[in-house]
Structures are given as structure tokens and as C-alpha cells.
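>>> This is a predicted model, with the sequence first.
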2 protein chains.
Amino acid sequence: MPQASTASRKVRAAQTRAALLDAARRLFSDRGYLNTKITDITAAAGRSTGSFYEHFAGKDELLQALLAEMEDAIDERMVGLEHPRDHDLTDRDQLRDHLGVAWTVMRQNRPVTLALFQAMVADDPGTGRAWRDLREQTETIREHLEYLVERGHQLPGDPEFIAVAMGAMLVTLNYAVLTPPGGEDDRRVIDTLTDLLLHGLAGPASHPADEA
Amino acid sequence: MPQASTASRKVRAAQTRAALLDAARRLFSDRGYLNTKITDITAAAGRSTGSFYEHFAGKDELLQALLAEMEDAIDERMVGLEHPRDHDLTDRDQLRDHLGVAWTVMRQNRPVTLALFQAMVADDPGTGRAWRDLREQTETIREHLEYLVERGHQLPGDPEFIAVAMGAMLVTLNYAVLTPPGGEDDRRVIDTLTDLLLHGLAGPASHPADEA
DNA sequence: GTCTATATTGGGATAGAC
DNA sequence: GTCTATCCCAATATAGAC
């Protein structure tokens, strides 16, 4: 049975770990993952370098921990929500819903999504990691698109490619757009992307009847 | 007036410079810009480190030189080609033409475009460089979109944002797609992107009359 | 201009006291 | 577990002979 001192030791360890993760998040969203040094994190967290390695083997492992935390948070919010394969992405509301969730999650976890993006791009291009990562991240979208194809809908091309292309646009915009999350800007982004991806630059075709 | 030995000296210097640029191009497309060390370049070029600094102040300056070479090559091929603002990107042929040129140029200069992409993403996110770069690279598209708006066409959102979103998709796909340039794959990519951006996932609207 | 050899530095990682 | 102090190396950059 743990003594009081042992327990308190554990608590402090957890505090340190949390402080490191928190400092990392703050730094990542500002200077980015690549330019943030381990010493920057420890300094911002008010801990020592030695202490860092007691908790993480390196910066990449810390990023994995942040990712795990993010996924836990998402799972918690999504608990019990069914997500059947047969969503119709050519339905505006359903498409908007998907893009909205994706965008919101990315924005709310910007330090992490941004770090993952940098890590992906910093890797050697020849490894094909970028395609693999994008493919994984857009798995759900791909399934929905494949479902559409099965039902006889004519997509502009290969579902896998289209899904990756959509993902590429989203993650890069998430990186490039600086406006703070949760505001009016997010709504506008989601609306624009929805309409762009639904009907393209040409817009919803105005039926001859409408013009009369 | 330069002597024979002086001229030959200049020639050898130019050769070295060219060898360094060439080696860099080869390495960039494989391991990427960020992971390529200056010593890698000099080794691949069969020159010494000291010699490198005689030609470039650093890796970033070498990249600028590569960029300049690329722009020269483009200018040369585009010489005399008018590019009026009043292109209609809701016309399939014109849209496809723009996307095709953009994609082909990126692919043919993949070492450079890839390096520029990595450099853009590696920068601190807070500086807004990503948005600025994407905005610049899509200037032509933006102008065409603004022209459409002026003519009363309803775009899915702000022209600047749409142009950047299109650029984000293109440059990230250029990074992620590994297939060699110039092949059948390029044609398919261009076709898919054209149709996706023209009419979206829903596809060209089938008029009620067509279904009868 | 190009080379070899060396200086320099930033930052990741560990040793050992507490 | 946390700290301070130190080691270590990779990679940049320079010095100086040729």
C-alpha cells in the first residue's frame, strides 16, 4: 500500500508531466513543432531538462502523448454517436456536418494538429508518409465516397484520391489560417468549403426552369 | 581583358556552382530540403564544404538560386503568351488549362517546389508566412475569380480564400503524390481536380430535361 | 576557387547529487 | 522525480595552404 509520501510523489510527477504537455501545446501553436526545442518546453514549464526525459524519450514521444490526449477528448465527446457508412456527401447538410466536425476538431486542437502537420511535411518525401497520413485521416470520407460510387453516383474521380485531396486542402488551410477558433470566421470557412466541394466554382446549376 | 587562365577559372567556378545546384535538386526530391545537409550536397557534387560557401551563404540562398532558375525556365517557355484577366474559370477547358499548367510546372520542378513547400511549413506558424505564400502563388487564380464576381457570378465564398484553398490542395498534393511526372497519372490528376473544382462532389447537374 | 583541417555552436541526451 | 552540471555529436561555418 502506498504511503502518503509515495502518493504525493506520484501527484507531483503527474503535475510535471501535465506542465510539460501544456507548455508544449502553447509553444507549438506559436513557433511550431519543428522550431520548438526541448529546452524551450522545459523552460516554459518551469522544469529542468533532466526531468523531461523522465517522462518522454524525446519530442516525438511527447507529440504522441498530445495526440493520445486529443483522441481521448474526441472519443469522449463522440461517445455513443453512431457513424454509419451510408452518409450522402452530396447532401449539403451532411457534407457540411462532416466538414464542420473536421474543421472544428482541427481548430480546437490546433497545437496538436499543427505539430502533426509539420512532422508529416518534415519527413523525407520519398517515404510516402504524406500520402499515407492523409489517406488515414480521410478514411471516413473515402468510405462515404465509395458508398456513393456503389450507389451509381458519378464522382469526379477515384474516391481515394478525392478524399486525400480534400484532406490536403483542409490540413493545409488549418495550418495557414491564423484566425482564432470558435469565431464567425470558422462558420464562413465551413460554408465556403462546403459549397466549393459540393458544387464547385460553377455553383449549383440553375435549372432552365428557374431562369424563366 | 581577361586572360585564358582567368576565363577557365570562371568556367570552373560556374561548373562547381552548377554541380552544387544539380546535386541539391537530386537530393531535395528524395530526402527533402529539410533533411538534406550542406555536406550531403557537397559530397554528391564531388566538391568540398569550403567551396560551397564560395557560392552560397547557406542552404536557403541555394534554394533561392534554384527558384530563380525555375522562374527563368518558366518565363522562357511562356514568353509572348498573353494572359488576360478575363478568363472564365467556370468554363471547363479554361479551368483545366490553368490547373494543367500549374500542376505540370510543379511536377517538372518538383525538387524546387517540394523544397519551397517544406521551407514554408517549417517556418513558425505565427508569422503567417503560409497564408502569404499561398496567396502569392494563387494570385492569377484570384484575379480570375474576382473577375467572375464582377460579372455577377455567385462564387461559394471570398475569392481570395477560395484561391488559397485551391492552392493549398495543389501544393500539398504535389508533395504527397509520388508518381513520376509526365505520365498518365498526371492527366488523371488534372481531370479529377478540374471536375472536382468545377462541379464538386455532386457533379454537373443533370437537368430535368436530360432525365426524361 | 578549391581544397583540408579545424573552430564553433546549438541542442539532444546522460550522470550523479539531492 | 527533480535538479545541476556536463557530455556529446551533428552540422554549420571559417582559416589558411595551394
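That came through fine.
>>> Near DNA strand D, which residues of chain A are found?
Proximity of chain A to DNA strand D (C-beta under 7 Å from any atom of the strand) is limited to residues A:9-10, A:12-13, A:15-17, A:46-51, A:54-55. In this view, the C-beta of every residue, glycine as well, is placed from N, C-alpha and C.
>>> redo that, cut-off 10 Å
A:6, A:8-20, A:39, A:42, A:45-55 (C-beta under 10 Å from any atom of the strand).
>>> quick one: the strands in chain A?
Taking DSSP state E to define them, one finds no strands in chain A.
>>> Which parts of it belong to which domain?
Chain A resolves into domains spanning A:1-57, A:82-204 when parsed by automatic domain parsing.
>>> nearest to A:L67, of the ones you listed?
domain A:82-204 (6.1 Å; C-beta to C-beta).
>>> distance between the ends of the closest one?
30 Å (C-alpha to C-alpha, to the nearest Å).
>>> Distance from the chain centre to that domain, please.
Here domain A:82-204 shows a centroid-to-chain-centroid distance of 10 Å under the convention C-alpha atoms, centre = their mean, to the nearest Å.
>>> pLDDT below threshold where in chain A?
A:1-7, A:207-212 (pLDDT under 70).
>>> Just want the most central residue of it.
A:M106 (3.9 Å; C-alpha atoms, centre = their mean).
>>> Surely it is in contact with A:V171?
Yes: the criterion here is C-beta atoms under 8 Å, and A:M106 meets it with A:V171 at 7.3 Å.
>>> who touches the residue nearest to A:R129 when sequence neighbours are not counted in this structure?
The shortest distance from A:R129 to any non-neighbouring residue, by C-beta to C-beta, 6 or more residues apart in numbering or on different chains, is to A:D123 (4.7 Å). Contacts here follow C-beta atoms under 8 Å, 6 or more residues apart in numbering or on different chains; on that basis A:D123 touches A:129-130, B:32.
>>> A:D123 and A:D75, how far apart?
27 Å (C-beta to C-beta, to the nearest Å).
>>> Also A:A119?
Relative to A:D75, and taking C-beta to C-beta, A:A119 is found at 22 Å.
>>> do A:A13 as well
Taking C-beta to C-beta, one finds A:A13 at 25 Å from A:D75.
>>> between those two, which one's more packed in?
Higher neighbour count among A:A13 and A:D75: A:A13, with 13 against 9, using other C-beta atoms under 10 Å in any protein chain shown.
>>> Could you list which of the contacts of A:D123 belong to helices?
If you go by DSSP state H, those have A:129-130 in helices.
>>> Go through the contacts of A:D123 and name the one nearest B:H153.
Nearest to B:H153 out of the contacts of A:D123 is A:A130 (C-beta to C-beta; 34.2 Å).
>>> roughly how far is stretch A:26-45 from the heart of the chain?
From the chain centre to the centre of stretch A:26-45 is a distance of 19 Å (C-alpha atoms, centre = their mean).
>>> what distance separates the start and the end of it?
End-to-end distance for stretch A:26-45, by C-alpha to C-alpha: 10 Å.
>>> now do stretch A:43-60
18 Å.
>>> neighbouring contacts of it?
Contacts of stretch A:43-60 (C-beta under 8 Å, 6+ apart): A:13, A:16-17, A:19-20, A:22-23, A:26-27, A:33, A:36, A:38-39, A:41-42, A:62, A:65, A:119.
>>> are any of those residues buried, and which?
A:16-17, A:19-20, A:23, A:27, A:33, A:36, A:38, A:41-42, A:62, A:65, A:119 (16 or more other C-beta atoms under 10 Å in any protein chain shown).
>>> Among those, give me the pair with the biggest separation.
So, the buried ones among the contacts of stretch A:43-60 by C-beta to C-beta: farthest apart are A:T16 and A:A119, at 23.8 Å.
>>> could you measure the closest residue to A:N109 other than its chain neighbours against B:H153, distance?
In space, A:N109 comes closest to A:M70 once its chain neighbours are excluded; the distance is 4.8 Å by C-beta to C-beta, 6+ apart. In this view, A:M70 and B:H153 are 40 Å apart by C-beta to C-beta.
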